[in-house]
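J.: Have a look at this prediction, sequence included:
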Amino acid sequence: MREQSAPAVTKSSFGNARDGSEVAVYTLKNAGGMSVRILTYGGILQSIEVPDRSGTLANVTLGFDNLTDYVERNPFFGALVGRCANRMSGGGFTLDGTRYDLARNRMPNHLHGGVAGFDTKVWDADVIDDDASDAVALELRYTSPDGEEGYPGTLTTTVRYTLTSDNEIRIEYRASTDAPTVVNLTNHAYFNLAGEGSGSVLGHQLQLNAEHYTPIDENLVPTGEIAHVEGTPLDFREPVDIGARIRDPYPQLVLAQGYDHNHVLNRSGDELAFAARLSEPTSGRVLTVHTTEPGIQVYSGNFLDGSLVGASGRTYRQGDGLALETQHFPDAPNRPEFPSVVLRPDEEYRSTTVFAFSTT
């Protein structure tokens with residue numbers, strides 16, 4: 001059994017951003033030995049060390065060991081994504097009769113908040129003390145000015161990362177605006193429960209609490225249809241190896257070169273609910289996801305091409321990590337039939353996702 005130690009938060013320097021501002025890395029550690037490293041640059045989950053069934057710790061999220069790669073080459077590894085996660089058709093949207101044109105950083109569309117989205121910002125950080133709890137927490141804050149990346153309104157955002165004694169990472173998002181705008185925040189961690197740099201996740205088993213998904217077009221943007229997963233390779237209602245059907249000649253998989261689809265979660269209301277379960281048989285590690293969001297993007301790292309070297313010194317190839325991005329549906333600002341992502345000055349954006357780690 002792993003020796004227990006007091007929960008703790010430590011801080012150290014991780015270098016300097018392009019504008020010269022210092023980037024810090026905070027390490028949150030619970031009594032059982034699980035630890036999470038969080039960068040103030042992009043709010044990035046740089047590492048998540050959790051035990052396997054024998055108690056051996058390993059980092060289970062893809063990432064780099066230096067700031068330069070995060071600044072120059074990062075495909076959103078572990079990052080906070082905003083103002084609007086995922087793709088937006090035509091690179092913009094219309095709100096209250098006014099057209100807003102955004103950065104088209106994935107032509108012809110807008111992706112993950114633009115060229116300089118939340119994943120590129122240096123966030124202010126405060127350690128949250130709670131003597132009555134065994135949990136440790138870090139709160140990040142960023143104010144996005146009116147017009148940043150084309151978005152209207154000044155948006156004030158806080159994100160709280162909490163590491164609990166039960167090996168849970170709780171992510172709580174809050175945002176407010178001084179003018180009507182759109183908001184859809186997520187975290188873009190790529191998970192590999194066998195350990196970062198260990199190779200493909202195609203042998204992991206995935207289960208989703210979803211009977212429907214949103215089909216995509218040739219630009220990977222939802223068509224507006226909500227389709228049933230029955231009889232398709234996107235049916236994960238029961239646990240299935242990720243690699244079992246990923247190379248099926250199914251048109252949706254061909255378009256995305258694998259999995260890159262929003263699944264419509266089975267839920268009613270906005271309470272925290274089960275979304276996904278990911279497991280890896282050799283290590284016995286299990287990741288369970290709960291969220292207040294209506295959707296989850298399953299992305300199988302299709303654009304990892306061997307050009308990136310991770311923290312382990314090994315290259316990342318297609319399928320070496322799986323992102324489980326809790327979210328409102330992609331392109332929601334242009335799809336009135338989808339759950340709304342509009343935020344007005346008299347409202348508060350609130351969202352919670354919990355990544356819980358265990359073993360079998």
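T.: Happy to help now that I have it.
J.: Show me how far stretch 14-33 is from its chain's centre.
T.: 18 Å (C-alpha atoms, centre = their mean, to the nearest Å).
J.: So which residues make contact with it?
T.: 2-13, 35-41, 46, 49, 51, 57, 66-68, 71, 122, 125, 127, 134-138, 161, 163-165, 167 (C-beta atoms under 8 Å, 6 or more residues apart in numbering). To be clear about C-beta, it is placed using only N, CA and C from the backbone, and glycine gets the same treatment.
J.: Quick one: the strands in the stretch 101-250 of the chain, in order.
T.: Taking DSSP state E, counting those that start in this stretch as the criterion, the stretch 101-250 of the chain contains strands spanning 110-111, 124-128, 136-144, 155-163, 168-177, 181-182, 186-187, 190-191, 205-208, 210-214, 227-228, 240-241.
J.: returning to what we had before: pull out the buried members of the contacts of stretch 14-33.
T.: Buried subset of the contacts of stretch 14-33 (neighbour count, 16 or more other C-beta atoms under 10 Å): 7, 9, 35-41, 46, 49, 51, 67, 71, 122, 125, 135-138, 161, 163-164, 167.
J.: low-confidence ranges in the protein?
T.: 1-4, 131-132 (pLDDT under 70).
J.: how does it look with 80?
T.: Scanning the chain for pLDDT under 80 picks out the ranges 1-5, 130-133.
J.: could the strands of the stretch 101-250 of the chain go into JSON lines alongside distance to Asp331?
T.: Shown next, in JSON lines, are these (distance: least, C-beta to C-beta, whole Å):
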{"stretch": "strand 110-111", "distance to Asp331": "9"}
{"stretch": "strand 124-128", "distance to Asp331": "31"}
{"stretch": "strand 136-144", "distance to Asp331": "20"}
{"stretch": "strand 155-163", "distance to Asp331": "19"}
{"stretch": "strand 168-177", "distance to Asp331": "20"}
{"stretch": "strand 181-182", "distance to Asp331": "11"}
{"stretch": "strand 186-187", "distance to Asp331": "14"}
{"stretch": "strand 190-191", "distance to Asp331": "22"}
{"stretch": "strand 205-208", "distance to Asp331": "20"}
{"stretch": "strand 210-214", "distance to Asp331": "9"}
{"stretch": "strand 227-228", "distance to Asp331": "15"}
{"stretch": "strand 240-241", "distance to Asp331": "27"}
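J.: This structure: helices as residue ranges?
T.: Ranges of helices in the chain, per DSSP state H, are 67-73, 251-256.
J.: Including distance to Leu102, could those go into CSV?
T.: Shown next, in CSV, are the helices of the chain (distance: least, C-beta to C-beta, whole Å):
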stretch, distance to Leu102
helix 67-73, 22
helix 251-256, 22
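J.: Phe357: which of those helices is closest?
T.: When the helices of the chain are compared for distance to Phe357 using C-beta to C-beta, the nearest one is helix 67-73, at 23.4 Å.
J.: quick one: contacts for the closest residue to Asn86 other than its chain neighbours?
T.: Computed as C-beta to C-beta, 6 or more residues apart in numbering, the closest residue to Asn86 that is not its neighbour in sequence is Pro330, at 3.6 Å. With contact set as C-beta under 8 Å, 6+ apart, Pro330 has these partners: 85-88, 214, 221-222, 262, 297.
J.: And the strands of the stretch 101-250 of the chain: which comes nearest Val341?
T.: strand 181-182 (4.8 Å).
J.: From the chain's centroid, how far away is the closest one?
T.: Taking C-alpha atoms, centre = their mean, the mean C-alpha location of strand 181-182 is offset from the chain mean by 20 Å.
J.: outside of that strand, which residues touch it?
T.: Counting by C-beta under 8 Å, 6+ apart, 83-84, 93, 95, 151-153, 155, 332-333, 341-343 sit against strand 181-182.
J.: Partner strands of it and their direction?
T.: strand 342-343 (antiparallel) (DSSP bridges).
J.: What about the closest residue to Phe118 other than its chain neighbours, how many residues nearby?
T.: Closest residue to Phe118 apart from its sequence neighbours, by C-beta to C-beta, 6+ apart: Gly82 at 3.8 Å. Counted with other C-beta atoms under 10 Å, residues neighbouring Gly82 total 28.
J.: Contacts only, for Gly82.
T.: 113, 117-118, 144, 157, 183-186.
J.: Make TSV out of those and add neighbour count and distance to Thr326.
T.: Converted to TSV, the contacts of Gly82 look like this (neighbours: other C-beta atoms under 10 Å; distance: C-beta to C-beta, whole Å):
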residue	neighbour count	distance to Thr326
Gly113	30	16
Gly117	26	17
Phe118	28	15
Ser144	23	20
Thr157	24	16
Val183	25	14
Asn184	28	10
Leu185	27	9
Thr186	30	6
